[in-house]
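> here is the input, now give the coordinates:
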Amino acid sequence: MLISARSAIALAGLGLLLGGCSKLDTEKISAQIQQELLNAKVPVNQLRCPANLTPRTGQTFECVGKLEPEGNFFVAVTQVDDRATIRWEVINSWRLLDLGSLQTDLQTALAVQESTSGTSNSLKIDCGQPYRVVSPGDRFECQVIGAGQVRSITVDVRDQGQITWQTPPPALTAQRPSNLPAQAIAPETSSTPASTDPATATTPAAPRSAPAAAPAPGPAKDATGWTELAD
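Residues are numbered from 1 along each chain as shown. The predicted structure is shown next:
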């Protein structure tokens with residue numbers, strides 16, 4: 001039985017066991033995964049899973065795929081029970097993105113942002129398709145739908161499979177407009193006062209005036225106060 005981690009649809013009667021349940025039929029597993037990816041518009045050239053695997057609940061293995069025209073990607077496969085039920089998912093890389101898992105990551109990041117900003121909205125992330133073939137330097141957008149708005153998240157593909165994104169600002173909530181006009185507040189101006197410390201304060205000196213001329217000596221007076229007349 002084969003179950004896609006993204007669609008969670010069980011494929012009955014696939015016959016994934018070989019030789020009396022002794023080995024997993026990994027050729028059938030790889031063929032079924034490849035077909036599901038082709039149905040999702042992923043240009044898969046081939047997909048190979050390891051051979052000679054003994055069925056064991058909880059075991060995991062990786063299959064390697066090749067894209068057309070070039071580029072490899074990986075699929076993680078897990079056996080989830082003793083009936084050889086298989087669950088698989090594409091491992092995000094710099095060649096192929098599972099946009100379902102990316103949408104989950106974006107949803108978590110936005111939920112944290114919305115709660116921090118004090119808003120609480122039910123948001124939906126839509127990246128447009130199940131998978132996306134990418135190359136380093138690619139950029140695309142996902143839509144954030146909620147609170148009566150549609151916003152965009154820009155996703156960048158960096159070197160070696162690093163995926164970064166820029167979250168949009170929190171959704172704005174309607175506010176009652178104020179009827180009062182905004183008041184223009186004149187900027188305060190200040191000047192630095194001169195020092196008022198008596199030890200440092202200085203008082204400008206008054207301008208000096210020319211000294212008064214000494215009066216010309218008058219006639220000499222005798223002891224009686226009479227003025228001596230010249231001859």
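> so where's the protein shaky on pLDDT?
Applying pLDDT under 70 to the chain flags the ranges 1-21, 117-121, 160-161, 168-231.
> all helices for it, in order.
Assigned by DSSP state H, the chain shows helices spanning 26-39, 99-116.
> need the ones you listed in a markdown table (columns: mean neighbour count).
(Each C-beta comes from the backbone N, C-alpha and C, glycine too.) Formatted as a markdown table, the helices of the chain follow (neighbours: other C-beta atoms under 10 Å):
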| stretch | mean neighbour count |
| --- | --- |
| helix 26-39 | 18 |
| helix 99-116 | 15 |
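> for residue 144, find the nearest of those.
Across the helices of the chain, residue 144 has its closest neighbour in helix 99-116 (6.6 Å, C-beta to C-beta).
> pull the CA atoms of that closest one into CSV?
Taking Å, rounded to 0.1, in the frame of the first residue of the first chain, the C-alpha atoms of helix 99-116 are listed here in CSV:
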residue,chain,number,x,y,z
LEU,A,99,5.2,23.6,-1.9
GLY,A,100,2.8,21.9,0.5
SER,A,101,5.4,21.7,3.2
LEU,A,102,6.6,25.3,2.3
GLN,A,103,3.0,26.5,2.8
THR,A,104,3.0,24.9,6.3
ASP,A,105,6.2,26.6,7.2
LEU,A,106,4.9,30.0,6.0
GLN,A,107,1.6,29.4,7.9
THR,A,108,3.5,28.8,11.1
ALA,A,109,5.8,31.9,10.6
LEU,A,110,2.8,34.1,9.9
ALA,A,111,0.8,32.8,12.9
VAL,A,112,3.7,33.9,15.2
GLN,A,113,3.9,37.3,13.5
GLU,A,114,0.1,37.9,13.8
SER,A,115,0.0,36.9,17.4
THR,A,116,3.0,39.2,18.2
